[in-house]
Structures are given as structure tokens and as C-alpha cells.
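>>> Requesting a structural model of the entry that follows:
(2 chains)
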Amino acid sequence: MLKPRFLSTAWPDRDHRVWIGHEVDRVDGVLKATGLAKYTYDINRPNMAWGKFLICPHAHARVKRIDVSRAEAIPGVRKVEIIQGEGEEILFHGDEIALVVADSEELARDGVRSIRVEYEVLDHLVDERNLDAIPRDRLRPGGRRRRGNVNQAFEAPTTLVVEGEYGIPMITHCCLEAHGVVAEWESEDRLTLWISTQNVSGMSGQVASAVEVPAGNVRTICEFIGGGFGSKFGPDRWGILAARIARELRRPVKIMLDRDHELLTAGTRPSGFARVKVGVDRETGKVLAWQSTLWGTGGPGGNGTSISVTPYIFTGIPNQSREAYNVRANVGPRRAWRAPNHPQGAALTMTALADAAAALGIDELEFFLKNVDLTDRPDVYTQELLVAADLIQWRKHWHPRGEGGRGPIREGLGISMHTWGGRPHNSECHVHIHPDGSVDVQLGSQDLGTGTRTVIAMVVAETLGLRPEQVNVQIGDSRFPPSGASGGSTTVGGVSSSSRRAATDALEQLLEKVAPSIGVRPADLKVSQGFIVDKNDPSRRISWKQACRQIGMNPITGVGRQPDPEDQPLASQGVGGVQMAHVAVDVETGIVRIKRFVAVQDCGLIINPKTARSQVYGGVIMGIAYALYEECIHDPITGRRLNPDMEFYKLPGVGDVGELIAHLMMGKVTVRTPDGREITVDYDEPGVIGLGEPPVISPGAAISNAVANAIGVRVPHLPLTPDRVLAALAQKGGLA
Amino acid sequence: MRPFEYASPATVQEAIDLLGPTWNDAELLAGGTDLLSLMKDDVVAPKRVVSLRRITSLKRIEVTPTVVRIGALVTMEELTQAPEVAAKFPSLVIAAGGVTSPQIRHHGTVGGDLCQRPRCWYFRAGYGILATGADGQPLVPRGDNRYHAIFPEGNAYYVCPSSLAPALAALEASVVLQSPEGERRVPVEEFYRIPRTNEEREYVRQPREVLVAVEIPNTGLKNATYEIRQRQLLDWPLATASVALRVDGGKVVSARVFLGHVAPRPYRATAAEATLMGAPLDEERIAAAARAAVQGARPLSGNQYKVQLAATAVKRALSSLI
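Have a look, this model is predicted:
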């Protein structure tokens, strides 16, 4: 924006915010609750055909022969596309072999069932839990890092050395709305794509090149999405095939994945297993040394958990020696999963550190407080540890490991800590102020369910002196100005910055138009509760509607961008979070219940604490899910995934998550430490920071630590299912 | 799902006439909570689906001085709400309440609960009820068997999925089966059998038979069920125990102890019953019965933990009667 500004885009300070920082209901809540919100699955077009995939039932096989003639002969089957034909090597159960497009979903399924495929079944690897049992040709180095001298540190007489093995298995995204698409050609070279995506603005180009039309001829629409969590950035096979076949058949084509297919093929979170050795100073409780061997798989391509996250957060440990291996396994391929690598990092690090604290015989809270200077943000973590401890009533409920009571139900507490970036993504926003006073805001962004629409409406309402419901937010369409993909917690920083700037730009233009009629300079005007007011004489004012009547025939359009080198930054990155779990473990059944779970989180300036807290609840529930229930179970004999369903791929219900407490660090916070120091942090100062990922990172570690505290023994691998809990107890020598 | 013919008869007799000599000819539809997923997964593909929905005679609960007769179409929810059932058979109400989905409790029926097919993931993936691998050998003992039987029988490693069967068996209930030949009564304890091939069913009901009711003798036994389930949300039990006792003069004079979800049929723990007989029902005796209940368990590579769960279920079911 090159023209001179007379308004500042700076976020209003705490005392001058009308909407920002206040609890606002989500603007699309009623649409979603009543079913008026239309998801990709709800899109049905006239004369639409359906596509269904034939997937490979084997973990590793070669296609010897494929016969689609019987499928092609079914009346109503319009197209059978072989995706991986004779001679192709298939690397995991669920990979697509062929697609059948037919007049109805049922006919498409009939077609799929009629295809005959002969496979040569090949050796598979689906179990990567034991590093020593993995064939060497399946392992690839994942890096080595050294710092200081671990051996010297371990051998020092003042060092206590604690060793353990920890693991977090492969899981899936399990989006409640499966991946899918509806493709319709308006003409020979103009395509509309309704697609369940986290990447509205980035989708058209990916599809256009595949169907060889200009990117501008492909319109992508996704108004509502039923979850993505990192698995919905690309068009995928189904997007490209739907587009190609829709053109060929000259009719719309819809492909939505079935639940089993979704769980098998549409993304996994890589596993991580680690043998860890920790050295702590017996006197000071400081962590001196960390040694780890990490391995895991991200599917046929390998890449398991990154070496960069062991140790997690406590990167300042002075002596480190670590190595990592990637396992090429015949399991579903990885995709970004909410906070890639971080949940694994927490589950492999915070557990090992808590075991060291237990071995030292010191309070876990005290131990983490002692070691926060090994992290990048000691002040923030100190505050958050103390705030969380209060909320979970740490001092009341804490007991040394294994002293969780005498009856069958043992209680325990556990801690984990995490970090995330959350930088703002690129975004352009147009704000149109119409002569009738209505306001349209347009961005090619998307609302993953996080409250993006609401936040944009609040920012624009704040800037224009209106109410959020007076602002019509239009997103989810690639015809709007481009915004980045919603991944990595980058959306809120990007869209709040661009919409703040666009609204400010539009307001400047409006004030310039109306200033003469009030008889002041534009810079002397401000907006307040639906009026444009003279700053020097508040009695001189006109209503928003009156002002807009002076716009003329054409609307005013304000443009805002993120980043904007001409303007001050409105968003930044880098947050910390602390979570604590209070659990009850039935040592006769191995069943773990969450009594209370506290999540303390900072994320810069919070625009809507209500949707922000909902984000934290969602993250924590997703974390409880992988802590206690979720895992991809593979059959050792056939290599097949045994639980591509929602019966044995278990997620928690509302009765399983316990009492959740989400506490957001907002504004200027001062906390007094146990040793009498006062620490002050201004959490608003960095501007807006994303929140999607951080709250999902710590639950696995916090709950695992709480269970260890309750029963007196570490359950090495997540999820903490009855079989694992009882096995750990048995190894310890019976009931706790 | 393959195309099928749909019929909705008004009487049991009409329903029977619509059935055929093999399972492929027709399946009975009650609540549909299992049949539809079996058909969608292509595990069963009947030519005809015979809905029982219109047959009102199957929806009644009748109480006589000697027996409580529960129609096959009574829903799990109706069962938990029926005062005449709650008063006499808390064991049954707890078992039905363990189905923690209101939707399924409102749709699922007593007959459907007894006739639903096992949840074994090999069976559901198309390997047959005996989960036979490409080499003709059973997959379960070599595969992932964390949810399978600790008391397998023959090549049957699945567990009977019924929530009600262990409780009904402990209460000496019978099922009433109606066929062209007339009516017969089969004790719930004998309703399940071990299939010899993947084509056979795991219950004695024949393709031309309709399960019309369950009859529970009104014998005044103290009864209880304890279910161990990982989630509060709808989840299959990992182990359950149902007990029915008569205590006379401070001593147990009759005892029936059945375990659920640990065997291909409700598993009668006779050693536990023997342990209880003739003694007062106290903590010590209960602990001994719990241990006895899992005597002879043959856990597989991944389900050792279920032995302890089964014993715990017995202990807790019995303890709830003190």
C-alpha cells in the first residue's frame, strides 16, 4: 500500500477493543447445527456420476493380471480406469488399483466388486516396534547429532543415569468428513471443483496442470470442511481423476472415500520409538546428558519421526548424542498430522525426563521448573507450569511415583510441555463497502472448523466500528484473493493481518469521502458503534448508513496483504504450552480414565477467546484419543490393516475425556515463583499467533507420565490400553 | 452391498414362508445394526431380506408366575426400561445398558443381540468365521488376537458378541425358535455352537427358523453382570461376567457363572460355580471363584491380559451381590 496512511493498523490496546479479546459465538454455528452448511459430501449435481475405488488388499504385492471386462459390462458403469495395472508393485494395503465411475454409488460398487485382479504377494514389513528385528535393507539413516561429551557426563560420579524405551505408534487423521471431490466442467476448458480441502487458493493450479487448462479456468470451492488435520492439501488421485473423467464423460463426477479407504490411504502420522539414556545431576536435578536412538516409519517412503524432536523442547541439554533411522514399511504413507513430529517428540522426551525425575525421587513439577532454562522460553514455561499446577491442584494431589493409593483405583499426575511456530501465512483480503452500508470481505481462505470466519468478521467489525454479524465474510472459493493453505497454525495470523489492513484501507477511503460533509479532515474522524465521529467533537457524527450513501455508484474496495513490508507486523510466531493430566487407573483392568486435564497455552494476541478455547479442547481431545485409544493395527501374517473402521480404530466419546480445563495466557501476566522471583510476560505484545497445533502435542506424554505416577511403572508405548497397562504392571511384579 | 429383494411380512408365519433352505436365500432384519454392515462389507449377501418390523407380536414382554417372555423385537432400550425386567433381572439390564449408544439401544433388539455375528476382524474382512488364511490354516493364533478368545474351541477363536447371552444363560433362559415344523425351545447356553466350516453358522438356529422370543424362568435367583469395557463410549466389552445364585441359610445353594467375550460362546465357568457352592458368599470365596473361573484359559499370543479381566469381572459381579 503506497498511499499515505492516516489510520494505524496497530491492534487496539486492551482498553480500546470492542470485539477483539471478547467471547464471540461462531458466525456459522447455526448453519452447522442445522445442516444448512454444505460440505463437499453434500454437493450433488444434476446428472452426476459416482466414482469408487478398488483398493489393494495386500500389504505388498505385484499386480500380475487385471480384468475389468465384467465391470465394464455392467449397465450404468461408464468408465473403468486402471490406476496401477499389470506389473505394478503395490506397497501398502489400501493403495488404489482401479476406479469405477457409474450412474450411482451402488453401481460403482458393483463395478468395483466385479474387477478380477491376480496378485503376486510379496514379503511385507508392518511391525517396526523392535529395531533389532527390522531387516537392514528396510532401514535408512535418519541422521546423527552430537554435542558435548555424553560419555563423560554419564560416567561422572554425581550423575544419575536412567534408561528407557518409549514409543508412539502410527495413527491416522480420521477426518470425520472423508476426503473427496465433485468435479464439473462448465465448458470444454472450464472446471469447477468442490473439494474437501485445507488449501482453497492452492488447489486450482495443482489440478489445472494435470488436466492441461489454464489455472484460472479451474474454480475451487470448499465452504465447509469436516476436518483435515494436515491431510488435505493436495487434489490427490481422486481429485485429478474426477476432473479428467468428468470431462471425458461430459457429466459431473463425485468421488468420496469410504471410511476404510480413508483410514488406509489418506494419511498417517509417522511412528516414533526411542531408546533413551538420560543423565541428571543428583545434587541439582539438572539434566546433563541425553542419548537416544530413534526409529519409526512414515510408510513405504520411510521417513518416520524426525531426529530434530528428540530431545524435544529441552534442546539446551549440554551433552547430546543421538541417531535416527527411518523404516520403510508396508503401511499407509505419512502426511502432515497436526503439529508434525511434535507429539512424537513430546511422547519420547517428556516421558524419559519424568522417569529421570522419578528415579531422582523429586517432584515432577519441581524437576521441570529446575530445567526450564534448557528451553528457549524459560519465563513462559515457568509461568505456565505454575498456572497449570494451580489448576490441577498439584500440591494437593501429587505423590511420589507408585504411591497412588491401595485399592484397585490408583491416581496420578503427569506433566508435558510443548512449543510451536504458528507464523502468519501469505494472505490477500478485499473489503468491499457498498453504498447500502453492507460489507463484504473476500479471501480465498478456508475455515477448518477453527473459527476463521468468525475471527475475520471480528477483525473487520472492530476496524469499521460495526458488529461481526454486519460483516459478510466470503471464503472457500478460489475466485477470491489468494490466501495460504491452512496448515501449521498459520491461518489466523495471515487472515487477521490481511483483513485488518484491507478494512483499514477501505475505511480510509470512506473517511476521505465523508470528511467534507462533516467539515473535518479525514484524519480527525474515527468509527464507533456504527457511527463516524469527529474525534474532537463527538457530537458531530453521522451513521454508518448515512456515510455509505456518499460512496457513489461503485463500492469502495480496500485491499490488505500479509506480509506487507510497508506496514508494521500484526502477527508473529513462537508459543509455549504446558499440560497436566490427573488420571485414575484401575490396576485390575488396566483401564485409564482421565479425571482432569489442564491445558495452559499462550498464542499471542487472542482475537476470540471462545473459539481459541474450543481449539484447545479439540486439540486435547485429539491428544487423549492417541494417548489412550488410537493405533493402526496391522496383521502380522497378511500385513493388512485390521482396524480401518471406527469400531476398533477407537476414538473417545464425551464420557471418556474427563474434565477439561483450557487456560489461555492473555495480556500482561505476572507470576511469583516458589523461590520468590517475579516474572512478567506480555502475551499480547507479539501480535496474533496460530493455535491449531500446540494443544495436541502434549496429551500423550502428560497422560503417560500420570499413569506412571499412578501405578509406579512406565507403560512404554502409547496408546495406554488395558493390555499394555497390565503387561507393564506384570513386569513390575503384579499389581501396583 | 449387492441387490436384494425386500419383504416385510405381518406375521411370523408369513416371515417363515419367505425364508429359504440356505443362509444365502434370506436374512432376517430386526434392528439392522449388524445386518446392514455385514451386507455393506459383503460378508453376507442374501437374495432376500425379510424385515420383522411389522410383526407386533414380537414386540411384547409377557410376565406369568413362572416365566418372563421377552419378544425378539423388544429393543435393548425397552428392555432396560421395563420395570418387570429391572426388578427381577438386574443382570440383564446392566448387560443391555453396556451398549452405550442410545441409537443402537433404540434400534437393536433382543433377538438381534443374540443373532449378531462375531466382530472378529478377520471374519469381517472376508476370511470366514474360522478366519482361514490362504494356507488353509486359522489366522487368529498367528495374527493379531488381542480381542479374541482365551477359551478357544476347535478352530473358533472369535468371541460371541452378544451382550445378553451370558446373562440369559446364567438365568437359565431359553430362546424360542419357530419354523415350518413348529416351535422349539433351546437353552441359551446351548444356542451357540462351533462351526466346522466357514459356511456354517455359530448358532443352532436354522435358515428357516425365526427367533421369536426369550423365556426366562422366574426362579428368583440373585443375579448380576459386570462388564469391562475400555471406553465409556460405545465399545465392545473386553470381558464380562454374569452370575445367578441362590443363597439359603447364608450359603450358596446354586450358582451359575458365565463369562462373555472370552470364548466363541458364553463360557460357563463350572469351576467357579463349584467353588461357590455350599459356602457363604464372602470376599475370600469370591476371590477363589474368580481365580477358578479362568482355570484352563488358553490365551493367545496377544490376549493374556483378558485372563485377568475375566477374573476381575467375576470378582466384581459376585461382589455386587454381597
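
>>> Sketch out the helices for the stretch 151-300 of chain B, chain order is fine.
Along the stretch 151-300 of chain B, the segments classed as helices by DSSP state H, counting those that start in this stretch run B:165-170, B:270-276, B:283-293.

>>> residues from chain B in reach of chain A?
B:1-2, B:42, B:100, B:119, B:121-122, B:124-125, B:133-134, B:139, B:142-144, B:146-147, B:228, B:230-236, B:238, B:302-305, B:308-309, B:312, B:315 (C-beta under 8 Å from any C-beta of the partner chain). The way it works is simple: take the backbone N, C-alpha and C, and place the C-beta from them, glycine included.

>>> Swap in 7 Å and give it another go.
Counting by C-beta under 7 Å from any C-beta of the partner chain, the residues of chain B close to chain A are B:1, B:42, B:119, B:121, B:125, B:133, B:139, B:142-144, B:146, B:228, B:230-233, B:235, B:238, B:305, B:308-309, B:312.

>>> So among these, which ones count as buried?
B:119, B:121, B:125, B:133, B:139, B:142-144, B:146, B:228, B:230-231, B:233, B:235, B:238, B:305, B:308-309, B:312 (16 or more other C-beta atoms under 10 Å in any protein chain shown).

>>> that older thread, using JSON lines, please lay out the helices of the stretch 151-300 of chain B together with mean neighbour count and mean pLDDT.
As requested, those are arranged in JSON lines below (neighbours: other C-beta atoms under 10 Å in any protein chain shown; pLDDT from 0 to 100):
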{"stretch": "helix B:165-170", "mean neighbour count": "32", "mean pLDDT": "98"}
{"stretch": "helix B:270-276", "mean neighbour count": "21", "mean pLDDT": "98"}
{"stretch": "helix B:283-293", "mean neighbour count": "19", "mean pLDDT": "98"}
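
>>> Could you take those helices and lay them out as JSON lines, with extra columns for distance to residue A:64?
JSON lines is the format used below for those (distance: least, C-beta to C-beta, whole Å):
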{"stretch": "helix B:165-170", "distance to residue A:64": "45"}
{"stretch": "helix B:270-276", "distance to residue A:64": "53"}
{"stretch": "helix B:283-293", "distance to residue A:64": "51"}
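
>>> List just the one of the ones you listed that sits closest to residue A:661.
helix B:283-293 (38.2 Å; C-beta to C-beta).

>>> what's that closest one packed up against?
Judged by 3 or more C-beta pairs under 7 Å, 6 or more residues apart in numbering or on different chains; DSSP states H and E, helix B:283-293 is in contact with helix B:270-276, helix B:305-319.

>>> and the angle from it to helix B:305-319?
140 degrees (axes from the mean of the first three to the mean of the last three C-alpha atoms, to 10 degrees).

>>> which residues touch helix B:283-293?
B:257, B:259, B:269, B:271-272, B:275-276, B:279, B:310-311, B:314-315, B:318-319 (C-beta atoms under 7 Å, 6 or more residues apart in numbering or on different chains).

>>> Quick check: chain neighbours aside, which residue is closest to the residue of the stretch 51-200 of chain B found nearest chain A?
Chain A sits closest to residue B:121 of the stretch 51-200 of chain B, with a gap of 4.4 Å, by C-beta to the nearest C-beta. Using C-beta to C-beta, 6 or more residues apart in numbering or on different chains and skipping residues adjacent in sequence, the residue nearest residue B:121 is residue A:642, 4.4 Å away.

>>> Can you give me the neighbour number for that neighbour?
Residue A:642 has 23 neighbours, counted by other C-beta atoms under 10 Å in any protein chain shown.

>>> how about it, what does it touch?
A:633-635, B:121, B:144.

>>> Let me know whether residue A:524 touches residue A:534 as I believe.
Yes - the criterion here is C-beta atoms under 7 Å, and residue A:524 meets it with residue A:534 at 5.9 Å.

>>> before we move on, back to that, out of the helices and strands packed on helix B:283-293, which gets nearest to residue A:721?
It is, among these and with distance given as C-beta to C-beta, helix B:305-319, at 8.8 Å.

>>> Which elements pack onto the closest one?
helix A:722-732, strand B:222-228, strand B:239-248, helix B:283-293.

>>> Point out where chain B drops to low pLDDT.
Judged by pLDDT under 70, chain B has no weakly predicted residues.

>>> of all of it, which residue lies closest to chain A?
Counting by C-beta to the nearest C-beta, chain B gets nearest chain A through residue B:233, at 2.7 Å.
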